[in-house]
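A.B. asks: Next comes the sequence, and after it the predicted model I'd like to discuss.
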Amino acid sequence: MNISHQNSDSSAMKSERDVVLSMDAHVATITFSNERRFNAMSLSMWLKLGDLLEQLNSDTQVRALVLRGDGDRAFVSGADISEFGEQRNDPAQVANYDHAVSRAQGALAKFASPVIAAISGICYGGGLGLALACDLRYGSESAKFRMPAARLGLGYAFGGVKRMMAVLGPAKASEVFYTAKVIDAHQALGLGLLNGIETDVFKQAHATAVLISENAPLTIKAAKMAFNAALNGSDPLEVALVDEAVKNCFKSKDYLEGRAAFAEKRSPLFVGQ
């Protein structure tokens with residue numbers, strides 16, 4: 001697959017129904033681009049997102065990831081229903097489509113570095129699922145959230161429900177799912193769905209990603225492994241991997257650098273080793 005990879009100052013043309021990657025030092029940004037349909041996710045976009053996440057996850061230069069929509073009208077408005085007639089019309093197609101969505105959202109939830117959602121405008125359905133798979137979520141005043149599966153007759157996978165419960169808790173997640181009502185930014189903040197409401201949500205998300213990228217990568221990754229292990233029921237094998245990752249932090253050059261920087265009253269320069 002030919003992956004779009006742009007520098008942060010690039011003005012290259014974007015095609016409809018695309019997922020675009022840009023890099024700024026140690027911060028990767030993925031932009032969902034289907035602006036005519038409020039950045040609805042087509043099958044090709046789900047597939048490309050899964051590919052991108054798998055490649056970025058193996059790139060040691062990536063220390064934080066930002067997700068955003070193209071323009072300010074929408075983060076992701078859900079799945080692109082216009083193609084359901086040809087892409088989700090029989091059991092085999094449904095299974096293929098659901099696998100692509102599950103693969104992408106699973107890769108996002110398991111991403112080794114912190115993931116930040118910058119949400120402006122509509123964040124419905126699959127878009128809400130993507131946002132819930134992120135570690136941090138910032139919204140603009142225009143941000144609106146909805147899980148409309150019950151209004152469409154769609155089944156919703158266990159993994160997505162589990163992530164919603166992990167973020168919101170069972171009672172609040174139940175209300176969001178069962179009522180299928182629209183939630184504005186301030187209501188989302190009250191539910192714990194948003195970390196903050198920002199005047200310039202894209203600037204805030206990027207600044208937070210930069211701040212994270214300046215911290216010790218091994219420490220951050222060990223912490224994220226611990227969070228995921230806890231969410232997965234503290235499986236002994238996962239906990240053992242967390243313990244090993246923590247031990248590696250203390251063996252690292254970055255630990256020596258952190259101690260030296262603290263003693264010398266300067267900012268540390270971490271290399272991820």
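C.D. replies: The structure has been received and is ready for your questions.
A.B. asks: how deep is the nearest residue to A260 once chain neighbours are set aside tucked in, by neighbour count?
C.D. replies: Distances taken as CB to CB, 6 or more residues apart in numbering put P268 closest to A260, at 7.8 Å, once the chain neighbours are dropped. Any C-beta I mention is one placed from the backbone N, CA and C, and that applies to glycine too. Neighbour count of P268, defined by other CB atoms under 10 Å: 16.
A.B. asks: got the contact list for P268?
C.D. replies: By CB atoms under 8 Å, 6 or more residues apart in numbering, the residues touching P268 are 216, 254, 257-258, 260-262.
A.B. asks: Closest one of those residues to E83?
C.D. replies: Nearest to E83 out of the contacts of P268 is A216 (CB to CB; 43.5 Å).
A.B. asks: quick one: buried residues of the strand or helix carrying L241?
C.D. replies: Secondary structure from DSSP states H and E places L241 in helix 236-251. Buried residues in helix 236-251, counted by 16 or more other CB atoms under 10 Å: 238, 242, 245, 249.
A.B. asks: Then stretch 129-146?
C.D. replies: Quick answer for stretch 129-146 (16+ other CB under 10 Å): 129-140, 142-146.
A.B. asks: In JSON lines, list the contacts of P268 along with pLDDT and distance to G233.
C.D. replies: Converted to JSON lines, these look like this (pLDDT from 0 to 100; distance: CB to CB, whole Å):
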{"residue": "A216", "pLDDT": "97", "distance to G233": "27"}
{"residue": "D254", "pLDDT": "95", "distance to G233": "30"}
{"residue": "E257", "pLDDT": "95", "distance to G233": "35"}
{"residue": "G258", "pLDDT": "95", "distance to G233": "32"}
{"residue": "A260", "pLDDT": "96", "distance to G233": "39"}
{"residue": "A261", "pLDDT": "95", "distance to G233": "37"}
{"residue": "F262", "pLDDT": "96", "distance to G233": "36"}
